[in-house]
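# structural data only, the sequence is not supplied:
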């Protein structure tokens, strides 16, 4: 299906939360309220940078109940593909941007008896909006927020002020670490765990929970990762009748979009399955980097998730 | 188009129902080919042609007053036709907002919504309502939001929670259904509640449909059509009421089939809800008897062929067996053997 209409916004404020993290406030060009959303949601920000268009997902950290504006926070990563650098260097107050409607791949369970939130560094962003939702309800919750030091611990003061004992901070530069085994060992049945942070943190938290017998359905994670880069490769789109090169630092999906071809996508992170394309012909191998296809799908070589996956091939023809 | 409401309809014995010529022309005839088989058949729920039943996201037509009255009657006798598990309260408010904003925007002659922060005022001139309430505060409404709102709409509404890689039927207002029970299905997931449908699983229809719905996004609703047949213009063909309507299937004769056999088409629309991240699924039913239907020659021709060639398992599942042959024989008079134009629109 065709891609949806984006929402046109402008940057109404920028706050330097830490030397590495900027908080952007976005408002609709028309002044109308933005759509309501559920905590954990993200929007895809479209940055038209002249030569290149970036489409990066950023979690909404603002309150779902106050949608005169949205707030996102971007951590600068100059070794990345350029999206965060663009946001930090080229976006100023007044810059117009396009954003998608909010999408939630990290929702809160409505049935949990208790909610444990774990945030690492910039992973605090979706969790802030989730806390806004939780603070309206009656279910017990707590936040364990780990970061290297003050430069990485954004918004912690705000959170501690508002929520007191429910918020526990850990500064790893001073040797403070979340004890996952202890944490998961002392929770009532029906507790859900949510982790947003580096992949190692997610792995540690989940390993501890699984060892303690938590059901997988009670464990939730959101990972901020840039799509993997790799060797450039050529791809031919059978329906569009176009051949294009996928450069090392662009995803297959981005290359298709850059060629002006409409391509379905949603999470752009390899988890939702929306962008799936059929492989008509392959001379080489597919490099699957997603978390969606089954093992059978992968080995069949007939499907690929272009938002994160690549190929090492002499030829690749897709059904698009 | 501003619908003019009929004021004396009855969807239970003694029946009193008919479609105006305009209603006939806008009927959502579902068959675009001369044979029918299950498919996902979902498309974006974008505005259809002016005057069509898809012109607006939520359709109000000439049967509005009659259908609201019918819902009232069903609920007075059986409160289990509207059920909501406690964790779906946020989703109920999402649905109230969706319906109010669309109706007020698209039918300003009949509905008005004024909002001042969380203080809302809803005016429904058709039903004579003028209600002030606080959005989010259930004590300020006469019923929970889903029941309150859907008592003022046509068609059934189901709210699905998204969790554990599936969708769960956790709330609904279901008074006009084609033989399925909300009370029985409440709490089931997508595959569970579809398990009685024959053939579709083998075709992979449900796997694809579930994938599509799990990725449904705010601002991009989808729709599809579903169909069955009903004897008499009866909306409440629930399992709970089977003793009342079941015997009707034995009452079809070659003399009365044109009058009492109705094609029943459901326009189903699905929206992603903002605050709850749930999905609301509206099932908007339209009824037309064979006599009215064949006034559109293309439809008479096509329906004859669809029924004649239907897979026996589908005939059985859709409850058509007892009168299938009678219907096909009657419709044969309206099939001149010519080819039909593509699509579902009248010529």
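Perfect, thanks for sending it. Just so we're clear, the structure is a prediction, and the values are computed from it rather than from any experiment.

# ok, which stretches of the stretch 101-250 of chain A are strands?
Using DSSP state E, counting those that start in this stretch, the strands of the stretch 101-250 of chain A run over A:114-120, A:140-147, A:167-171, A:191-196, A:219-222, A:233-237, A:242-246.

# average model confidence for the first one?
pLDDT averaged over strand A:114-120 equals 97, rounded to a whole number.

# strand A:191-196 and that strand, what's the angle between them?
Orientation check (axes from the mean of the first three to the mean of the last three Cα atoms, to 10 degrees): strand A:114-120 against strand A:191-196 gives 20 degrees.

# for strand A:114-120, buried residues please.
Going by neighbour count (16 or more other Cβ atoms under 10 Å in any protein chain shown), the buried part of strand A:114-120 is A:115, A:116, A:117, A:118, A:119, A:120. For every residue, glycine as well, the C-beta is placed using N, CA and C.

# now those as CSV including distance to residue A:244?
Shown next, in CSV, are the buried residues of strand A:114-120 (distance: Cβ to Cβ, whole Å):
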residue, distance to residue A:244
A:115, 45
A:116, 45
A:117, 42
A:118, 40
A:119, 39
A:120, 37
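
# cross-check the residues you listed against chain B and keep the overlap.
Taking Cβ under 8 Å from any Cβ of the partner chain as the test, chain B is in contact with none of the buried residues of strand A:114-120.

# relative to residue A:89, which of those residues is nearest.
Closest approach between those and residue A:89, by Cβ to Cβ: residue A:120, at 25.3 Å.

# touching, the closest one and residue A:147? I think so.
Yes - with contact defined as Cβ atoms under 8 Å, residue A:120 counts as touching residue A:147 (6.9 Å).

# quick one: the closest residue in space to residue A:90 that isn't next to it in sequence from chain B, how far?
Using Cβ to Cβ, 6 or more residues apart in numbering or on different chains and skipping the chain neighbours, the partner closest in space to residue A:90 is residue A:49 (6.9 Å). Distance of residue A:49 to chain B, given as Cβ to the nearest Cβ, to the nearest Å: 25 Å.

# go ahead and confirm residue A:49 touches residue A:82.
Yes - using Cβ under 8 Å, residue A:49 is in contact with residue A:82, at 7.4 Å.

# which residues touch residue 126?
All of this is about chain A. A:39, A:40, A:41, A:42, A:59, A:60, A:61, A:106, A:196, A:222 (Cβ atoms under 8 Å, 6 or more residues apart in numbering or on different chains).

# switch to chain B, that's the one I care about
With Cβ under 8 Å, 6+ apart, residue B:126 has these contacts: B:5, B:64, B:65, B:110, B:111.

# again with residue B:26
B:51, B:52, B:53, B:61.

# would you mind measuring from the nearest residue to residue A:99 once chain neighbours are set aside to residue B:230?
Distance criterion Cβ to Cβ, 6+ apart; nearest residue to residue A:99, sequence neighbours excluded, is residue A:43 at 4.3 Å. Distance, residue A:43 to residue B:230, using Cβ to Cβ, to the nearest Å: 45 Å.

# who's more crowded, the two?
Ranked by neighbour count (other Cβ atoms under 10 Å in any protein chain shown), residue A:43 and residue B:230 place residue A:43 first, with 26 against 22.

# is the more buried one bridged to anything, and to what?
Assessed by DSSP bridges, residue A:43 has beta-bridge partners residue A:58.

# that one contacts residue A:98, doesn't it?
No - taking contacts as Cβ under 8 Å, residue A:43 lies outside contact range of residue A:98: 9.7 Å.

# residue A:306: which element?
Under the criterion DSSP states H and E, no helix or strand holds residue A:306.

# mind listing the strands for the stretch 151-300 of chain B?
B:156-163, B:166-173, B:222-231, B:261-272, B:279-289.

# paired strands for the first one, with orientation please.
Paired with strand B:156-163 in the same sheet, following DSSP bridges, are strand B:166-173 (antiparallel), strand B:279-289 (antiparallel).

# mind listing what's buried in the last one?
Spelled out, that is strand B:279-289. Buried-residue list, strand B:279-289, by 16+ other Cβ under 10 Å: B:279, B:280, B:281, B:282, B:283, B:284, B:285, B:286, B:287, B:288, B:289.

# which of the residues you listed sits closest to residue B:329?
Nearest member of those to residue B:329, counting by Cβ to Cβ, is residue B:289, at 16.1 Å.

# which residues does that closest one contact?
For residue B:289, the contact set (Cβ under 8 Å, 6+ apart) comprises B:233, B:258, B:259, B:260, B:261, B:262, B:263.

# what's the closest of those to residue A:319?
For the contacts of residue B:289, the closest approach to residue A:319 (Cβ to Cβ) belongs to residue B:263, at 36.5 Å.

# my read is that the closest one contacts residue B:292, right?
No - using Cβ under 8 Å, residue B:263 is not in contact with residue B:292; the gap is 9.3 Å.

# what's the pLDDT at residue A:255?
92.

# same thing with residue A:81?
At residue A:81, pLDDT is 79.

# same question for the one 3 residues further on.
Looking at residue A:84, its pLDDT reads 90.

# I'd assumed residue A:90 was in contact with it.
No - in this structure, residue A:84 is not within contact of residue A:90 by Cβ under 8 Å, at 11.0 Å.

# which of the two has more neighbours?
Taking neighbours as other Cβ under 10 Å, residue A:84 and residue A:90 compare with residue A:84 leading, 23 against 11.

# who are the packing partners of the helix or strand hosting the more buried one?
Following DSSP H and E, one finds residue A:84 within helix A:83-89. With contacts defined as 3 or more Cβ pairs under 8 Å, 6 or more residues apart in numbering or on different chains; DSSP states H and E, helix A:83-89 has these neighbours: strand A:21-28, strand A:42-49, strand A:52-59, strand A:70-75.

# same thing but at 7 Å, please
Applying 3 or more Cβ pairs under 7 Å, 6 or more residues apart in numbering or on different chains; DSSP states H and E, we find helix A:83-89 packed against strand A:42-49, strand A:52-59, strand A:70-75.

# can you give me the end-to-end distance of stretch A:248-255?
11 Å (Cα to Cα, to the nearest Å).

# ok, it near chain B or not?
No - Stretch A:248-255 lies out of reach of chain B by Cβ under 7 Å from any Cβ of the partner chain, never closer than 15.0 Å.

# rounded mean pLDDT for whichever helix in chain A runs longest, please.
Longest helix in chain A, counting residues (DSSP state H): helix A:199-211. Helix A:199-211 shows a mean pLDDT of 97 in the predicted model.

# same question, stretch A:33-43
97.

# give me the contacts around that stretch.
By Cβ atoms under 7 Å, 6 or more residues apart in numbering or on different chains, the list of residues contacting stretch A:33-43 from outside reads A:7, A:28, A:57-60, A:64, A:67-68, A:70, A:99-104, A:106-108, A:126, A:129-130, A:132-133, B:218, B:274-277.
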